[in-house]
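Q: attaching a predicted model along with its sequence, questions to come.
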Amino acid sequence: MIGIFIALISGALMSIQGVFNTEVTKQSSVWVSASWVQFSALVTCLAIWAAFDRSSFSALLKVSPKYMMLGGLFGAFITYTVIQSMSALGPAKATMLIVIAQLTVSWLVELMGMFGVDKGTFSVRRLLGLLVAVAGVVIFEWEN
């Protein structure tokens, strides 16, 4: 149950962050905004680490495979693409498409057992769920 609650908070925070970042971009530039987002995230993470965690950063040297360390690189481009999509499409449409893309790619990662994820089995029920989500986007955006 706690996982569901945290996931819902995550989705809400991502949507609000996208709106904030898009507005900052309008008043500066996309890379200034993205840099600020990443910098303020770093400061926040370091403050929380200093207050609650204090585990050694040397553990990062032991991460294997090394390509798993590219999350921050993805984060920079996630920030950029969210800002650009929200600016072009508006928050609701952009968020719906982002969520559909997340669901599709994460399911494919699971089905193929990529990146160390346990390999899942294909399920018609999950495919139908994905198609219902896509239909939901179409219905949500349908104009008379």
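A: Noted; the coordinates are in hand. Numbers count the residues shown, from 1 in each chain.

Q: in three-state terms, how would K119 be classified?
A: Taken by DSSP: H, G, I helix; E, B strand; the rest coil, the conformation at K119 corresponds to coil.

Q: what about the closest residue to it other than its chain neighbours, how many residues nearby?
A: Leaving aside its sequence neighbours, K119 sits nearest to G113 (Cβ to Cβ, 6 or more residues apart in numbering; 3.0 Å). C-beta coordinates here come from the backbone N, C-alpha and C atoms, glycine included. Neighbours of G113 under the rule other Cβ atoms under 10 Å: 11.

Q: shouldn't G113 be in contact with G120?
A: Yes - assessed by Cβ atoms under 8 Å, G113 is found in contact with G120 at 7.4 Å.

Q: overlap in contacts, these two.
A: Here G113 and G120 share no contacting residue, scored by Cβ atoms under 8 Å, 6 or more residues apart in numbering.

Q: isn't T79 right up against A34?
A: Yes - if you go by Cβ under 8 Å, T79 and A34 touch, sitting 4.4 Å apart.

Q: between the two, which contacts overlap?
A: N21.

Q: low-confidence ranges in the protein?
A: For the chain, the stretches flagged by pLDDT under 70 are 144.

Q: residue boundaries of the strands in it?
A: With strands called from DSSP state E, the chain shows none.

Q: just give me the neighbour total for F74.
A: Number of residues near F74 (other Cβ under 10 Å) recorded here: 9.
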